[in-house]
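>>> this one's structure only:
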């Protein structure tokens, strides 16, 4: 069985510290996990989110797409891997990172842990000014550090300006705590000092007790927002306070480009198969079929595609492939055969993991030779030209023609292989 990416459920504190857009991204993440990582179309995700009344709204889809893109940008600025891969009107989960990405993410976590340790050791005045700098970077206005003798428990005052039409006075407590957790008591004490119409924020280098978040948001007239140590480190990282980011390009193979014969290689995840519209349409090389029996062409491709469900590593995929096609004993040959799925746009490979495309998902949900034939014609170099020739020539004449004048970009051998695929697909369709 394919392995699913590890995911631990959010604890109540983390959930209350998360914005509505981030909560939407988390819900989409869980929905995609339930579907082996996707991909799923945006309207289907909206339905599963429970928004059936707007599931067909283009605006709703755009809003969902923007929420996911914003979540990915936010995670990137905070030192985490992005979660989603989007193509057209579909979304899938990114596979687990390669060793380099995992090492970078672990290093980032260690640096943020060291940042918190340093914050707990700096003088209180320095910590309060760092908090003030953070809220300034977060676009709060009129940010000032209060005088310590007359702060009434408030360390920083600021004004949140929303859209230029509404201002919200904000009182911030900065708690440089190591082992002590913020409790309901601290939440109530801050609320008791707040004038009407003012929101409160407690920033701590530590944690909160389980009942503190409920108390914080329990009074909508005087809300208290909580920022714990983990979120504080994320926010400081996002705004470049106390940390420095270095940039190094991380290379990965682009097997889609390596399968392209003509045109500009774009994403292999296409929403629907379509005929080429011009010379820039990417056209792909096709390898040998795993089975030479006409009746098995659809079954073989569906089986190969299903093995990619659940985002297995490419090596694990090849092991499963050889179990299903035992006559292909060589590992390198099995890998060459599996590349036909990339050429057909049924899978792509990211960071060494196999991922279904939306076209691949559709084939699995409704295996159909005609659909596979249309995919083949839309993507494979020379397929349309060879099919047109086959309508007016006998098989012997077609073979002679392809040996003498193969389509542009194809060798006679490759042209013959395309003709063989078309012949198998046609026979398989007629045998239905």
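Good, I have the coordinates. Remember, it's a predicted structure, so these values are computed and weren't measured experimentally.

>>> How about the most centrally placed residue in the chain: what's its closest non-neighbour residue?
Nearest residue to the geometric centre of the chain (CA atoms, centre = their mean): residue 84, 1.0 Å. Of all residues not flanking residue 84 in the chain, residue 68 sits nearest, at 4.9 Å (CB to CB, 6 or more residues apart in numbering). C-beta: built from backbone N, CA, C; applies to glycine.

>>> ok, now which ones touch that neighbour?
24, 25, 28, 83, 84, 86, 91 (CB atoms under 8 Å, 6 or more residues apart in numbering).

>>> Let me see the contact set for the fifth one.
Listed by CB under 8 Å, 6+ apart, the contact partners of residue 84 are 25, 28, 29, 68, 69, 71, 72, 91, 92, 93, 94.

>>> Over to it: give its phi and psi.
phi -120, psi 150 (degrees, to the nearest 10).

>>> beta partners of the closest residue to residue 139 other than its chain neighbours?
In space, and not counting its chain neighbours, residue 139 is closest to residue 161: 7.6 Å by CB to CB, 6+ apart. On the basis of DSSP bridges, residue 161 is bridged to residue 167.

>>> okay, residue 161: pLDDT?
Note on residue 161: pLDDT of 87.

>>> distance of it from residue 22?
Residue 161 sits 22 Å away from residue 22, going by CB to CB, to the nearest Å.

>>> Neighbour count for these two, which is higher?
Set residue 161 next to residue 22 and count neighbours by other CB atoms under 10 Å: residue 22 wins out with 17 against 14.

>>> which residues touch the more buried one?
With CB under 8 Å, 6+ apart, residue 22 has these contacts: 71, 74.

>>> Secondary structure of it: a helix, I assume?
Yes - looking at residue 22 with DSSP: H, G, I helix; E, B strand; the rest coil, it is inside a helix.

>>> so what pLDDT did it get?
Looking at residue 22, its pLDDT stands at 80.

>>> before we move on, what about residue 109?
Confidence score, pLDDT, at residue 109: 92.

>>> Without its sequence neighbours, what residue ends up closest to it?
Per CB to CB, 6+ apart, closest to residue 109 is residue 79, 7.5 Å.

>>> Could I get the full set of strands for this structure?
Using DSSP state E, the strands found in the chain span residues 40-41, 84-87, 90-93, 141-145, 156-162, 166-175, 199-204, 224-227, 260-262, 283-284, 347-350, 353-356.

>>> Select, out of the ones you listed, the one closest to residue 383.
Among the strands of the chain, the nearest to residue 383 by CB to CB is strand 283-284 (8.4 Å).

>>> so how far is that closest one off the chain centroid?
For strand 283-284, the distance from its own C-alpha centre to the chain's C-alpha centre is 26 Å (CA atoms, centre = their mean, to the nearest Å).

>>> Tell me the helices and strands packed up against that strand.
The criterion is 3 or more CB pairs under 8 Å, 6 or more residues apart in numbering; DSSP states H and E, and the helices and strands that strand 283-284 contacts are strand 260-262.

>>> how many neighbours does the closest residue to residue 101 other than its chain neighbours have?
Nearest residue to residue 101, sequence neighbours excluded (CB to CB, 6+ apart): residue 81, at 5.9 Å. Neighbourhood size, residue 81 [other CB under 10 Å]: 16.

>>> any idea how far residue 245 is from residue 81?
Where residue 245 is concerned, residue 81 sits at a distance of 15 Å (CB to CB).

>>> With residue 349 instead?
28 Å.

>>> got the contact list for the closest residue in space to residue 283 that isn't next to it in sequence?
Leaving aside its sequence neighbours, residue 283 sits nearest to residue 381 (CB to CB, 6+ apart; 3.7 Å). Contacts for residue 381 were tallied using CB under 8 Å, 6+ apart; they are 261, 262, 283, 284, 285, 286, 407, 409, 410, 418.

>>> wait, what's in contact with residue 364?
With CB under 8 Å, 6+ apart, residue 364 has these contacts: 302, 305, 306, 309, 356.

>>> Now do it against residue 307, distance only.
Taking CB to CB, one finds residue 364 at 11 Å from residue 307.

>>> again with residue 129
Taken as CB to CB, the span from residue 129 to residue 307 is 57 Å.

>>> Also residue 300?
11 Å.

>>> quick one: the nearest residue to residue 221 once chain neighbours are set aside from residue 222, how far?
Of all residues not flanking residue 221 in the chain, residue 196 sits nearest, at 7.7 Å (CB to CB, 6+ apart). Applying CB to CB, the value for residue 196 to residue 222 is 8 Å.

>>> Looking at these two, which is more packed in?
residue 222 (16 against 7).

>>> hang on, the more buried one packs against residue 192?
No - assessed by CB atoms under 8 Å, residue 222 is found out of contact with residue 192, at 9.2 Å.

>>> what's near enough to touch residue 362?
residue 371.

>>> same deal with residue 76?
Applying CB under 8 Å, 6+ apart to residue 76 gives the contacts residue 82.

>>> confidence score at it?
pLDDT, residue 76: 88.

>>> Tell me the spacing between residue 191 and residue 228.
Applying CB to CB, the value for residue 191 to residue 228 is 18 Å.

>>> Who has more neighbours out of those two?
Under the neighbour definition other CB under 10 Å, residue 191 and residue 228 were set side by side, and residue 228 has more, 22 against 19.

>>> surely the more buried one meets residue 202?
No - at 9.1 Å, residue 228 does not count as touching residue 202 under the criterion of CB under 8 Å.

>>> Name the residues contacting each of those two.
residue 182.

>>> ok, the contacts of residue 68 vs residue 42, which is closest?
Looking across the contacts of residue 68 and measuring by CB to CB, the closest to residue 42 is residue 91, at 6.8 Å.

>>> quick one, what contacts that closest one?
So residue 91 contacts 28, 32, 38, 39, 40, 42, 45, 65, 68, 84, 85 (CB under 8 Å, 6+ apart).

>>> which one of those has the most neighbours?
residue 39 leads those on contacts (other CB under 10 Å) with 28 neighbours.

>>> Kindly state the beta-bridge partners for the nearest residue to that residue once chain neighbours are set aside.
Using CB to CB, 6+ apart and skipping the chain neighbours, the partner closest in space to residue 39 is residue 92 (3.7 Å). Beta bridges link residue 92 to residue 85 when assigned by DSSP bridges.
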